[in-house]
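[1] sequence-free structure coming up:
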């Protein structure tokens with residue numbers, strides 16, 4: 001049971017880390033990698049996909065830290081389970097963000113429920129032009145789209161973000 005709790009806790013922690021890195025890294029100094037995700041482009045891959053490689057390195061690192069084959073007696077036993085949680089988050093992120101929201105892997109438009117809320121929230125994230133401002137930086141948990149729209153309107157009025165006309 002402890003192993004399952006570690007995996008779940010690591011996956012939840014990854015959503016917090018993803019939110020912070022999306023807001024402060026991807027929309028900050030990492031904009032050079034993230035920009036093409038917000039702009040029309042040709043091709044299947046994006047520079048933004050390099051962030052998935054970073055996530056994979058984090059997961060692999062935890063697997064290594066937890067492996068007696070790599071570190072011998074210095075191995076940290078929860079590392080393997082943390083690595084599994086990070087990997088599980090990566091799978092969920094890929095299915096939800098790249099698959100459901102951006103339809104890179106499959107075509108499905110949710111008509112209701114939480115899946116629709118996720119899609120709407122992320123579309124509102126893409127309502128800004130450039131890296132400034134924005135809403136909904138999480139990938140798996142999404143706030144109410146009505147609240148996000150109000151926040152975008154406030155950013156437009158304050159001049160803290162350039163917001164597309166139709167959102």
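    Everything's here; your move. In this text the structure is predicted, and so the values were computed from the model without any measurement. Residues are numbered from 1 along each chain as shown.
[2] how about residue 152: what's its closest non-neighbour residue?
    Closest residue to residue 152 apart from its sequence neighbours, by CB to CB, 6 or more residues apart in numbering: residue 163 at 5.3 Å. C-beta coordinates here come from the backbone N, C-alpha and C atoms, glycine included.
[3] same question for residue 95.
    Residue 95 sits nearest to residue 105 (CB to CB, 6+ apart), 7.6 Å away.
[4] next SSE downstream of the longest helix anywhere in the chain?
    For the chain, the helix reaching the highest residue count under DSSP state H is reported as helix 2-20. Downstream of helix 2-20, the next assigned helix or strand under DSSP states H and E is helix 31-38.
[5] quick one: contacts of the host helix or strand of residue 153?
    Per DSSP H and E, residue 153 falls inside helix 145-158. Contacts to helix 145-158, defined as CB atoms under 8 Å, 6 or more residues apart in numbering, come from residues 117, 120-121, 124, 127-128, 133-136, 161-163, 167.
[6] just stretch 37-53 next, same as before
    21, 26, 30, 32-36, 90, 93-94, 104, 126, 130-131.
[7] repeat that with 6 Å
    33-34, 36 (CB atoms under 6 Å, 6 or more residues apart in numbering).
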